[in-house]
Each structure stands twice: as structure tokens, then as C-alpha cells.
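Chemist: Generate coordinates for the sequence data below:
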Amino acid sequence: MDGSDIGRLTYLILLGAVILSWFFVQNRQSLGKTLQQALVWGLLFLGVIAAFGLWSDIRQTVRPTQSVISAEGRIELPRAPDGHYYMTLQVNGADILFLVDTGASDIYLSQGDALRAGLDPAKLAFIGSAMTANGPVRTAPVRLDSIRLGGIEDRGLRAFVNEGEMRESLLGMTYLQRFSSVEIRQGALILTR
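Modeler: Reported below is the predicted structural model:
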């Protein structure tokens with residue numbers, strides 16, 4: 001702390017002391033009730049600070065997680081709060097979050113996810129096209145070395161890298177058809193091999 005920081009701190013302490021003194025003088029008839037209310041507001045303030053600081057931990061606890069029961073070849077995905085189903089797969093060794101999309105025919109990787117999976121979008125040939133809700137986009141065909149979910153692994157799957165902006169990669173019917181059963185029961189998407 002240099003001299004100007006000490007001066008500012010001293011000013012804030014004096015200002016706080018003056019405000020507290022004025023507050024107590026104005027409320028001296030009901031000092032017990034005033035202290036009780038000040039304590040409640042202080043605890044609320046600390047609660048908000050704690051919730052803000054722990055928000056990522058709280059979100060992780062509340063957010064549904066996927067269950068993989070690989071002995072039976074069964075995967076259970078709880079419905080997310082937004083009504084969709086999400087699945088985290090290892091693509092070429094990288095963890096990638098997919099939106100399960102029965103309306104998509106193939107596997108579509110965002111450029112960021114493709115890069116994490118070892119596919120450089122700058123070196124890909126965007127020669128294909130796909131129709132999206134926002135219109136046509138160019139795509140680049142790729143072969144994925146491996147897609148792994150728990151003990152289930154598929155090799156050499158065809159996929160596409162989307163040239164447009166995508167929030168998350170899409171897991172379409174090409175992958176879902178590899179399962180013998182796809183069903184929705186009690187808010188969960190259940191895939192069985």
C-alpha cells in the first residue's frame with residue numbers, strides 16, 4: 001500500500017464511522033430492532049456473495065449428468081432444463097458435448113470441437129452443404145478415428161465439420177442408428193446396444 005491507498009482507506013473508514021454514528025443516533029429509541037434488521041441484511045448480503053462465488057459448483061450439482069451402464073450397453077440421458085438431451089463423447093480422445101438431434105442425419109462438429117478433436121478446420125475442404133434452420137451452410141466431410149462413450153467405442157465414423165457458427169456439435173441419426181433401441185421414458189433418453 002502506498003500513501004494514496006492509505007489516505008483513501010482512512011477516508012472510507014471515517015466516512016463509514018460517520019454514517020454508522022448518524023444511523024445509531026437516528027434509531028436510538030429502537031436500537032435492538034435496528035441491530036436485528038442490520039444483522040438480517042448483513043446475512044442476506046453474505047448469502048448473495050456466497051451464492052455468486054459458488055455458482056459454478058451449484059450449477060454443476062443441479063445440472064443433470066449422463067449415466068453410462070456399459071455392462072448392459074445402456075446409456076441413460078436425463079432431459080436438460082432446456083428440454084433437449086446432451087451427451088458427452090470422447091472424439092479422437094477429446095471430450096465433446098453433443099446435442100442429441102434426431103432431426104440431423106449425420107454427426108456435425110462445430111469448428112471449435114473439430115479443432116479439439118485434432119481436425120484443423122483451416123485445412124478442411126468445405127465442399128458439402130447442409131440445410132439448417134438459418135439456411136444452407138457449407139460442410140467439410142471427415143472421418144473420426146474413434147468415438148467413445150464409457151466402454152462403447154466406434155471407429156471410422158463419417159462426420160461433417162460445419163463452417164457456420166454452432167453452439168454445440170450435433171449427434172444425428174448416423175450415430176443413434178448404431179443402437180438397437182432408442183426410447184424416451186420418464187423424461188430420459190435411453191440408448192441400448
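
Chemist: The protein: helices as residue ranges?
Modeler: Taking DSSP state H, the helices of the chain run over residues 3-26, 31-53, 55-62, 111-116, 173-176.

Chemist: For stretch 141-160, measure first residue to last.
Modeler: Stretch 141-160 has its terminal residues 5 Å apart, counting by CA to CA, to the nearest Å.

Chemist: Out of the helices of the chain, which is closest to Asp101?
Modeler: Ranking the helices of the chain by their distance to Asp101 (criterion: CB to CB) puts helix 173-176 first, at 8.5 Å. To be clear about C-beta, it is placed using only N, CA and C from the backbone, and glycine gets the same treatment.

Chemist: out of the helices of the chain, nearest to Arg185?
Modeler: helix 173-176 (15.8 Å).

Chemist: Tabulate the CA atom coordinates of that closest one in CSV.
Modeler: Extracted in CSV, the C-alpha atoms of helix 173-176 (Å, rounded to 0.1, in the frame of the first residue of the first chain):
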residue,chain,number,x,y,z
MET,A,173,-29.1,-40.4,-36.7
THR,A,174,-25.9,-41.9,-38.2
TYR,A,175,-24.7,-42.4,-34.6
LEU,A,176,-28.1,-43.1,-33.0
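
Chemist: buried stuff in that helix?
Modeler: 174-176 (16 or more other CB atoms under 10 Å).

Chemist: name the helices or strands packed onto it?
Modeler: strand 152-162 (3 or more CB pairs under 8 Å, 6 or more residues apart in numbering; DSSP states H and E).
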